[in-house]
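Predicted model and sequence below, questions to follow.
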Amino acid sequence: MKLSEIASIIGVDFQENDVDIIGLNTLKDAKANEISFVSNAKYVKEIKSTNAAAVIISQDVKDAVPQGCFALVVENPYWSMAILSKYFAPVIEDETLPLPKIGKDTKVSPKAEIANGAVIGDNCTILAHVYIGAEAVIGDNTIIYPSVTVYRDCKIGNDCIIHANSVIGSDGFGFATNKMGEHKKIYQNGNVVIEDDVEIGSNTSIDCAAFGTTLIKKGTRIDNLVQIGHNCEIGEYSVMVSQSGLAGSTKLGRNVVMGGQAAAAGHLEVAPFSTFAARSGITHSIKEPGKTYAGFPLMGHRQWLKLQAKLAKLIK
Amino acid sequence: MKLSEIASIIGVDFQENDVDIIGLNTLKDAKANEISFVSNAKYVKEIKSTNAAAVIISQDVKDAVPQGCFALVVENPYWSMAILSKYFAPVIEDETLPLPKIGKDTKVSPKAEIANGAVIGDNCTILAHVYIGAEAVIGDNTIIYPSVTVYRDCKIGNDCIIHANSVIGSDGFGFATNKMGEHKKIYQNGNVVIEDDVEIGSNTSIDCAAFGTTLIKKGTRIDNLVQIGHNCEIGEYSVMVSQSGLAGSTKLGRNVVMGGQAAAAGHLEVAPFSTFAARSGITHSIKEPGKTYAGFPLMGHRQWLKLQAKLAKLIK
Amino acid sequence: MKLSEIASIIGVDFQENDVDIIGLNTLKDAKANEISFVSNAKYVKEIKSTNAAAVIISQDVKDAVPQGCFALVVENPYWSMAILSKYFAPVIEDETLPLPKIGKDTKVSPKAEIANGAVIGDNCTILAHVYIGAEAVIGDNTIIYPSVTVYRDCKIGNDCIIHANSVIGSDGFGFATNKMGEHKKIYQNGNVVIEDDVEIGSNTSIDCAAFGTTLIKKGTRIDNLVQIGHNCEIGEYSVMVSQSGLAGSTKLGRNVVMGGQAAAAGHLEVAPFSTFAARSGITHSIKEPGKTYAGFPLMGHRQWLKLQAKLAKLIK
């Protein structure tokens, strides 16, 4: 797509030398043939080192754009980016991709659907009504139970088990909102990567990212009905008990345990070996490893017990 | 079905002129060839204006039934209605309905199932393992990801996206209970209507109604693992974050935001532009628009912060 | 499998007369051709009455093993048991089993998958994309909506309704953890039994047990997005509202009601006719029947209301 076309779609006057643009990406990851955007003041400092061909930006910070990078000045950069995201979204299925590759001794139910471009390793079991999307990759010895859906571009490692009706790679909950309160979808071009020896329960949802990857590291155990937002990262051997959830971009260290119905806000970092009691609400990052927490807002588990004792006294 | 048969099924003596009955409905909506019921004292005032041919009712309020309407007097009207609901339930699939109509440029996976009587618009994408029930209607440009189930009679608008493994129109959680503590299912004859430009995440459940419609208005965004009960109404451009839920018959105004794991009790009305923090528990209706709330029981967000500060002091 | 092979797999020296072992079971239920394990001091008292051929056990309690039963002494018996569980796990599908038996007047969608060894009763409706596993048994007059997955060996009674995309019998959340913090899956060999006249909503997960049965008794009503852990038992005519959950091995008496998002810890017993308000967190067993509770930690509903009144005063 020509940069001039992009400018026209978002209503920007463009008189420069035209270039071909092949993608939309973050300031940090954009290449010279991609465009990027600044939707939040905290990213302004990243503008000057971007390699993007052009940046969608608001009037007040446009001077931060480095030479050789074109400033596409709009009123609501996030909204304009959302409009463009549709043009750069990969197609859901692509019949021009090669037929799926199925490894040795792998059993695929005739009632499963493996999209073109997918690659499945050796000795896997893919049961009925499973869907493996375009260019998804499944390792060796992995079992995928019925009605699991794996969206395009997602990767699942070796020795994994995904229980029935879970969804890997549904779109992150991303949209721009204008002054009228209307929403515009941000198409999600990232993926989910699940490392080796991960087990995921039934009816669990793991969202993909608009840019980049949602990452579940080796040996993690995820129970039923768990929500994992876009761009989260879950450390090795972590445990997420049923009905727990992570909002977008939160990162758990290794061996973190989240009890049943516990949840974390977005954009947090949690130190390794942290344990959260059932229904904890993680409201801030955790720096010190190995402690136990409870409550919402979050507090140390002992403090929470003390608080409950005080409250019990209140009603005596 | 003859009214005399109906009377016989629920054990009522009937010696009047017989009539044909084609449905079971609420007092307000019942037509002259339908029957209705009074299971709750608060509906007694609606009896006198009903057009129903007959009303299932308890002895104590039977005198409110207007002339020309037959009173079917029983001990537990709700239980008797539940028994009858089975007789008036539509069949799940009906091979006598016309073959499904599929619009221009719409792709339907050969592994999807489209029931007879369904109508799908132009330029849609219906992926593998989707189920579209009898007489369901899908608009134009709508994408339905794998293993989504749309129950019969539901309607989905234009430009919608339904992510994998979500369910539109499963039965509302309705049953009558007798003195012995036994339950009797109330068959759900209503539907779900989703307007244009709505996106729904993965593993979300939206229930249909026993009578009438569960309505999701234009531009709303619903995340993963969300529960929406029967007869709810969600206003335009509302946002329901992951693992939030609405009990039956609650109505949200436009641009309401429910944070993660937030929930509302049933039969409430929430003013437009209300925002509920994560894990709010909405316990009463909200009349004033544009405010922010938190906590369970629900309070203003500032009050909640103040309460947390007081509690933090308690344990110091 | 020979006991000598088992010993070799878990690194135990074995010089005795060899025997054939056909299974792995609890101390209580193991037969003379099965082995068992002691992973928790509280089960030590059950050792002396076990019929198991051998017991995996730690050095400190090995003397409790009765004569005629071989002590397989290891450092981490639970970990060794997890390793062995894989060898005794039933295969997911078994083509040598007889073709499925389908009862009279039962309709099975050609897009459903019924595994060999399954038995479906009379007058059932099995919709598209349903999966019924090996040796699963479905009673008469039962309706299974699209994309429901029933794992192998599970049993569903007569007159049941299972709504779309629910999962019956996914693996319990069971694993052993070693000193390095690594996890090892415990293969689940038990099942789920659902008695007659049970209705289960959409996107609900009911886990099977490693040993024994998860049991849902007659007439129970389970809503959408509910989690039921392995080895739970739900009494007759109980009600679990949407997004509620039970951790493993908890037993509810008859006519227990759990409100929306309520949850119970594991290994509890709840007396009949107990009612739990929305979002209750059941933290201890309930012995007295017929009371109403709320809050987390759990308290009487009246106490909870009193507490909320006190807290409201705190911020005035």
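Cool, the structure landed.

mind checking how far the closest residue to residue A:213 other than its chain neighbours is from residue A:98?
In space, not counting the residues next to it along the chain, residue A:213 is nearest to residue A:193; the distance is 5.1 Å by Cβ to Cβ, 6 or more residues apart in numbering or on different chains. Every residue, glycine included, has its C-beta placed from N, CA and C. Look at residue A:193 and residue A:98: by Cβ to Cβ, to the nearest Å, they are 22 Å apart.

Between these two, tell me which one has more neighbours.
Using other Cβ atoms under 10 Å in any protein chain shown as the criterion, residue A:193 and residue A:98 rank with residue A:193 on top: 21 against 10.

Could you look up the SS state of that one?
strand (DSSP: H, G, I helix; E, B strand; the rest coil).

Report the contact partners of it.
A:154, A:155, A:213, A:214, A:215, A:216 (Cβ atoms under 8 Å, 6 or more residues apart in numbering or on different chains).

did I read that right, the fifth one in a helix?
Same thing as residue A:215. No: using three-state DSSP, the assignment for residue A:215 is strand, not a helix.

related to what we said a few turns ago, in CSV: the contacts of residue A:193, plus pLDDT and neighbour count.
Shown next, in CSV, are the contacts of residue A:193 (pLDDT from 0 to 100; neighbours: other Cβ atoms under 10 Å in any protein chain shown):
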residue, pLDDT, neighbour count
A:154, 98, 25
A:155, 98, 20
A:213, 97, 18
A:214, 98, 28
A:215, 98, 18
A:216, 98, 28
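
Among those residues, which one sits closest to chain B?
Of all the contacts of residue A:193, chain B sits closest to residue A:154, with 11.7 Å by Cβ to the nearest Cβ.

was I right about that closest one contacting residue A:192?
Yes: the pair residue A:154 / residue A:192 is scored as a contact, 4.5 Å apart, by Cβ atoms under 8 Å.

Go through the contacts of residue A:193 and say which is closest to chain C.
Distances from chain C to the contacts of residue A:193, taken by Cβ to the nearest Cβ, are shortest for residue A:216, at 13.4 Å.

thought the closest one was touching residue A:234?
Yes: proximity of residue A:216 to residue A:234 meets the contact threshold set by Cβ under 8 Å, at 4.9 Å.

between the two, what contacts are shared?
Contacts common to residue A:216 and residue A:234, judged by Cβ under 8 Å, 6+ apart, are A:222, A:228.

how long is stretch A:53-71 end to end?
9 Å (Cα to Cα, to the nearest Å).

ok, residues contacting it?
Contacts of stretch A:53-71 (Cβ under 8 Å, 6+ apart): A:3, A:6, A:10, A:14, A:16, A:19, A:21, A:27, A:30, A:32-38, A:41, A:44, A:47-50, A:52, A:72-77, A:80-81, A:84.

so of these, which ones are in strands?
A:34, A:35, A:36, A:37, A:72, A:73 (DSSP state E).

ok, and which of those residues reach chain C?
Among these, no residue lies close to chain C (Cβ under 8 Å from any Cβ of the partner chain).

and which of those is nearest to residue A:123?
residue A:34 (38.8 Å; Cβ to Cβ).

That closest one against residue A:26, yeah?
No: applying Cβ under 8 Å as the test, residue A:34 and residue A:26 come out as separate, 9.5 Å apart.

between the two, who's got more neighbours?
residue A:34 (19 against 16).

List the residues that contact that one.
A:21, A:22, A:23, A:24, A:25, A:52, A:53.

can you tell me the helix or strand for residue A:117?
Counting by DSSP states H and E, no helix or strand carries residue A:117.
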